[in-house]
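Peer 1: Here is a sequence together with a model predicted from it:
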Amino acid sequence: MAPAYGDNARPSRIGWQLPPFYWPFERGLIHPKAAELEERSIAWIDAFGLYPDATERAWGLASRSADLVSRIVPYGDVEQMLLFAQWCYWAFAADDWQDSGAGAGRTASVVDQGARVIRALESPGSGLLPPGPHTAALEDLAARTRVMLTPFQLRRFTEGIQEWVLGAASQAAHAERGTMPSLNDFAATRSWIGGTRFLLTWCEAASGIEVPAEVLYSAPVQALTEAAGFIVACDNDLFSYNKDDHHEPLEQNLLNVLALEDGCTPAEALPAAYALRDRSVTLFVRLREQLAQGADVQLGRYLAALEHWIAGDTEYHDRAPRYASPRNRNALPVEGASYGITWTGTPSDPSVEPLPVPALAWWWQQLDDSSR
């Protein structure tokens, strides 16, 4: 089924058929317990009354967080994945709250709320958040997370939320000023806004991956991790463009950033966006192959988890009603709506040179001479 955009809806600035996606990854992976994860997640949502009415509930469930988790962690532990899915449902609700604010004081609100959420995770029962369903759900998530994750994983997860809040605050500051970031500024924080460490901590935990800190935080592994986060963020910006194109000022989306920088329309910026994405994918594949040589079991599993994250996230976005039947064009999510994306084995930009984006160019410096 094609994307759903309602009757007499305004046209899309970029169209509803996205160009083919360069795809050197395995397709179609999904956890066999995906349906169970969704059923149990919805029961948890309803137990806390996370959404105030049937319409908000329908749009909250349209995020299909259980499907996201099942695609990016196709072989994980069910109980850890359940908690991961519930965190994602909660995070989507928080993200929508952040996106809904406008005008003076928005940045202060994001920072204030974010600091309180972080402390609630670090110290459950700290009493910094107002009573209500969202706080009760968060306190439940925080308490169970402290039991389920190791201290190292919990620290990484907390740092992931800190990055997410900082990225959201940066976004809010631009929106408050009515400015669009430069491509370099945008690229520097885009993986934070996408929740890279927030997500990857659970990908690792649910898959039983424990890479030593000195390996995980080495420059080549961090470059690969950041590249994966940027690729996922690029895909998110492509799929979410039509969902957010009613915002004034325009959403801080890769296409809008490139359109302003290059003096063109968002539709005309599509080739440049795909070029950025595809050259990042090419770098990812080369650096991943370099790291795989001589990698131990744990690092090898981490490299595979990064691939699963990229692949699963793109396939998830293709099908999620949140994106394929956006709320600014539909009264309710449309079941079965899909972008119907296609695939190609050839990058739109075949260059293997570093991207002309200083904030990202350091990824290519991690390649050995034999990999350049």
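Peer 2: Structure received.

Peer 1: okay, and for this protein, where does confidence drop off?
Peer 2: The chain contains residues with pLDDT under 70 at 1-2, 6-9, 95-105, 370-372.

Peer 1: Go through stretch 228-247 and flag the buried ones.
Peer 2: For stretch 228-247, burial by neighbour count (16 or more other Cβ atoms under 10 Å) applies to 228-245, 247. Using the backbone N, CA and C atoms, a C-beta is placed for each residue, glycine as well.

Peer 1: Mind checking which of the residues you listed land in helices?
Peer 2: Of the positions in the buried residues of stretch 228-247, 228-244 sit in helices, assigned by DSSP state H.

Peer 1: I'd like to know how far the nearest residue to A228 once chain neighbours are set aside sits from R277.
Peer 2: In space, and not counting its chain neighbours, A228 is closest to L306: 4.5 Å by Cβ to Cβ, 6 or more residues apart in numbering. Distance, L306 to R277, by Cβ to Cβ, to the nearest Å: 15 Å.

Peer 1: and what of Q222?
Peer 2: According to Cβ to Cβ, Q222 and R277 sit 20 Å apart.

Peer 1: Same drill for those two, tell me which one is more crowded.
Peer 2: Relative neighbour count places R277 above the other of Q222 and R277, with 24 against 14, counting by other Cβ atoms under 10 Å.

Peer 1: Surely that one is in contact with V232?
Peer 2: No. Applying Cβ atoms under 8 Å, one finds R277 not in contact with V232, separated by 9.9 Å.

Peer 1: any shared contact partners between these two?
Peer 2: The overlap between the contact sets of R277 and V232 (Cβ atoms under 8 Å, 6 or more residues apart in numbering) is empty.

Peer 1: In terms of secondary structure, what does the helix or strand containing A47 contact?
Peer 2: In the assignment (DSSP states H and E), A47 maps to helix 34-48. Judged by 3 or more Cβ pairs under 8 Å, 6 or more residues apart in numbering; DSSP states H and E, helix 34-48 is in contact with helix 54-61, helix 65-72, helix 78-100, helix 133-148.

Peer 1: For the ones you listed, give me TSV that also has mean neighbour count.
Peer 2: Shown next, in TSV, are the helices and strands packed on helix 34-48 (neighbours: other Cβ atoms under 10 Å):
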stretch	mean neighbour count
helix 54-61	16
helix 65-72	27
helix 78-100	20
helix 133-148	17
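
Peer 1: Looking at the ones you listed, spot the one closest to S325.
Peer 2: helix 54-61 (10.0 Å; Cβ to Cβ).
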